[in-house]
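Enquirer: All I have is the shape, not the residue letters:
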């Protein structure tokens with residue numbers, strides 16, 4: 001009798017939308033399912049994996065968490081994702097479900113298409129693609145361009161390309177979705193939530209299901225068991241890149257840069273975070289995430305910034321033998337002045 005295919009859930013969404021928090025909640029309420037987790041970071045510091053490894057969920061042990069930090073998973077399918085899946089499937093004690101968290105800068109489409117590779121398709125199916133949306137950011141117009149102004153500039157110079165890479169990425173992630181989670185709705189009133197619903201719906205011709213969430217709290221029964229088989233419908237979910245470059249060109253992420261900043265211990269973390277808000281605003285930094293050493297505290301301080309919104313809390317104890325330190329990943333557009341941002345963050349300590 002043939003073994004039943006293992007379902008895999010792909011969780012995507014823009015930087016800071018709340019994917020990791022949602023997955024952590026999922027792992028802690030998995031209802032006995034053994035879940036293997038593949039995490040793809042953009043940048044050199046595996047922050048998301050470290051957060052999830054510290055969640056203490058029996059459904060997903062540290063051995064079940066696999067991090068891919070060599071770049072965007074959608075660009076390294078053959079080199080990274082396929083070998084990782086093959087090793088996972090060769091295990092004697094195979095998982096009940098696989099969850100894949102993509103980088104906030106990843107296109108979900110190439111990853112879903114990879115499930116059609118012969119060595120994967122016979123054993124795994126895409127249960128569904130879930131796109132997490134930062135509702136507060138959308139409500140603030142983070143991805144809403146002034147289309148009239150763009151059209152006017154194109155009339156003046158049709159050689160200019162004013163398409164926002166952030167806007168395209170946002171739309172591509174929505175187009176790939178089987179389920180859209182409007183996260184952080186607690187930051188909005190009813191009218192604001194409706195505005196976000198309308199905006200998100202206008203960004204994709206497909207009409208996936210849409211639910212609201214606070215703090216990434218969504219029941220496992222809602223996230224798992226969609227049973228879509230998304231890999232068989234990938235032709236209907238083409239990204240901007242695929243539509244514009246159907247001649248086989250590879251896409252890249254030249255629009256984005258990331259780097260790691262190492263800092264001394266933070267004697268006054270609250271003051272540092274306030275100054276960090278100013279750095280982010282001045283240099284239009286998209287995302288900052290990492291850990292900080294606070295003298296006299298046995299726990300690490302987790303720092304997560306999306307735009308000027310910064311969350312911080314003492315996340316877990318420093319492990320025996322672990323070197324205390326402060327390391328932050330900074331992500332921004334390709335024209336970000338890395339030297340200036342580094343200097344400004346260092347001066348904020």
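Expert: Noted; the coordinates are in hand. None of these values were measured; they are calculated from a predicted model.

Enquirer: State the distance from residue 261 to residue 317.
Expert: As judged by C-beta to C-beta, to the nearest Å, residue 261 and residue 317 stand 23 Å apart. For the C-beta atoms, the positions are set from N, CA and C on the backbone; glycine is no exception.

Enquirer: So in this structure, which strand runs the longest?
Expert: strand 124-134 (DSSP state E).

Enquirer: Show me what it is packed up against.
Expert: On a contact count with 3 or more C-beta pairs under 8 Å, 6 or more residues apart in numbering; DSSP states H and E, strand 124-134 meets strand 6-13, helix 108-113, helix 165-175, strand 179-183.

Enquirer: Name the residue in residue 261 and residue 317 with the higher neighbour count.
Expert: residue 261 (18 against 12; other C-beta atoms under 10 Å).

Enquirer: Contact partners for the more buried one?
Expert: Residue 261 sits next to 290, 327-330, 341-342, 345-346 when contact means C-beta atoms under 8 Å, 6 or more residues apart in numbering.

Enquirer: pLDDT of the longest strand of the chain, averaged?
Expert: In this model, strand 124-134 has a mean pLDDT of 95.

Enquirer: do the same with stretch 273-282
Expert: Per-residue scores along stretch 273-282 average to 93.

Enquirer: quick one: buried residues of it?
Expert: Using 16 or more other C-beta atoms under 10 Å as the test for burial, stretch 273-282 gives 273, 275-277, 279-280.

Enquirer: again with stretch 29-37
Expert: 30, 33, 35-37.

Enquirer: just the helices in the stretch 1-150 of the chain please.
Expert: Per DSSP state H, counting those that start in this stretch, the stretch 1-150 of the chain carries helices over the ranges 19-28, 47-53, 82-89, 108-113, 118-121, 135-139, 147-156.

Enquirer: Would you single out the least confident of those helices?
Expert: When I compare the helices of the stretch 1-150 of the chain, helix 147-156 is least confident, with a mean of 42.

Enquirer: Let me see the contact set for residue 267.
Expert: Contacts of residue 267 (C-beta under 8 Å, 6+ apart): 294-295.

Enquirer: how close does it get to residue 295?
Expert: Counting by C-beta to C-beta - residue 267 and residue 295 are separated by 6 Å.

Enquirer: re earlier: so of the buried residues of stretch 29-37, which ones are in strands?
Expert: 35-37.

Enquirer: Show me how the protein divides into domains.
Expert: 6-244, 256-347 (automatic domain parsing).

Enquirer: okay, now residue 166: neighbour count?
Expert: 18.

Enquirer: Report the central residue of the chain.
Expert: residue 104 (3.3 Å; C-alpha atoms, centre = their mean).

Enquirer: Give me the spatial nearest neighbour of it, chain neighbours excluded.
Expert: Spatial nearest neighbour of residue 104, chain neighbours left out: residue 15 (3.5 Å); criterion: C-beta to C-beta, 6 or more residues apart in numbering.

Enquirer: Kindly reformat the ones in strands among the buried residues of stretch 29-37 as a markdown table and extend each row with distance to residue 221.
Expert: Below are these laid out as a markdown table (distance: C-beta to C-beta, whole Å):
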| residue | distance to residue 221 |
| --- | --- |
| 35 | 14 |
| 36 | 19 |
| 37 | 18 |
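
Enquirer: now the end-to-end length of stretch 219-233.
Expert: With C-alpha to C-alpha, to the nearest Å applied, stretch 219-233 spans 25 Å between its terminal residues.

Enquirer: Identify each buried residue in it, please.
Expert: Buried residues in stretch 219-233, counted by 16+ other C-beta under 10 Å: 220, 223-224, 226, 228, 230-231.

Enquirer: From those residues, which land in helices?
Expert: Among the buried residues of stretch 219-233, DSSP state H puts 220, 223 in helices.

Enquirer: circling back to that earlier point, can you redo the buried residues of stretch 29-37 as TSV with pLDDT and distance to residue 304?
Expert: Formatted as TSV, the buried residues of stretch 29-37 follow (pLDDT from 0 to 100; distance: C-beta to C-beta, whole Å):
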residue	pLDDT	distance to residue 304
30	82	23
33	85	27
35	87	23
36	86	24
37	86	19
